[in-house]
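Student: coordinates for the following, if possible.
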Amino acid sequence: MTANGCIVHLGGDGPLLVRSPLRVRMPGAEDGIAKPKAALCRCGQSANKPFCDGAHRDVEFRASGLIDTSRAMPESEAPSREGAPSEDEAPPRDGAPSGEGAPSGDEAGSAAPADEAGESVVTAHANGPLHFDGVVEISGEGHEGSARFLQPWLCRCGASKNKPFCDGSHKEIAFEAEGL
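Tutor: From the prediction side, this is the model:
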């Protein structure tokens, strides 16, 4: 983990590769399962959701192009590598980086705050996306460098047209997965 958040790498047409300590909140583990790193499913077909089991290869999952950085944190507002911003320094927490698809109603609960040991908390929402707390640095194939996002909602149904971000497509396809 960087001093300012979680690192997620998009492995081409594969899973979300979380390369920093995290705690995954899901049914039966409301306090979270601690992992030093993890591969999280983003094709929607894993039998071990929210974790990847390689199903993306069987279903020929395809990620969609470049990362939409239009909602990335401007460098002037992004916390330095020396530490996270205070509440009044942080940009507004407005859900999905695309401005669309942030869950509402039953899915809108907030993730538990990151633990003092420096873990990020990821909440798997029932029939919906993954919500990361804090700052998440996302990098991947087809994207030079990386961009930082505040509390992003990332797709795990495989149908978003704005991958890796949730755009609400899970509702259209009646995605089913356990979650909180």
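
Student: so the closest residue to M73 other than its chain neighbours is in which element?
Tutor: If the residues on either side of it in the chain are set aside, M73 comes closest to R148, at 4.7 Å by CB to CB, 6 or more residues apart in numbering. Bear in mind the C-beta positions are built from the backbone N, C-alpha and C, glycine included. Take DSSP states H and E as the rule and R148 turns out to sit in strand 143-150.

Student: mind listing the helices for the protein?
Tutor: 55-58, 169-172 (DSSP state H).

Student: in the sheet, who's paired with A147?
Tutor: I138 (DSSP bridges).

Student: next, count neighbours for K49.
Tutor: 21 (other CB atoms under 10 Å).

Student: might you report the residue contacts of the nearest residue to A177 once chain neighbours are set aside?
Tutor: Closest residue in space to A177, ignoring its immediate chain neighbours: K49 at 4.7 Å, by CB to CB, 6+ apart. Counting by CB atoms under 8 Å, 6 or more residues apart in numbering, K49 makes contact with 41, 124, 156, 177-178.

Student: please apply the same query to V24.
Tutor: 32-33, 35, 38, 40, 50-51, 122-124.

Student: rewinding a little: could I get the average pLDDT for the strand holding R148?
Tutor: For strand 143-150, the mean per-residue pLDDT is 79.

Student: got TSV for the contacts of V24, with pLDDT and distance to L66 too?
Tutor: Listed next are the contacts of V24 as TSV, based on pLDDT from 0 to 100; distance: CB to CB, whole Å:
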residue	pLDDT	distance to L66
G32	91	31
I33	93	31
K35	94	28
A38	96	24
L40	97	20
P50	97	24
F51	97	26
V122	96	23
T123	96	26
A124	96	26
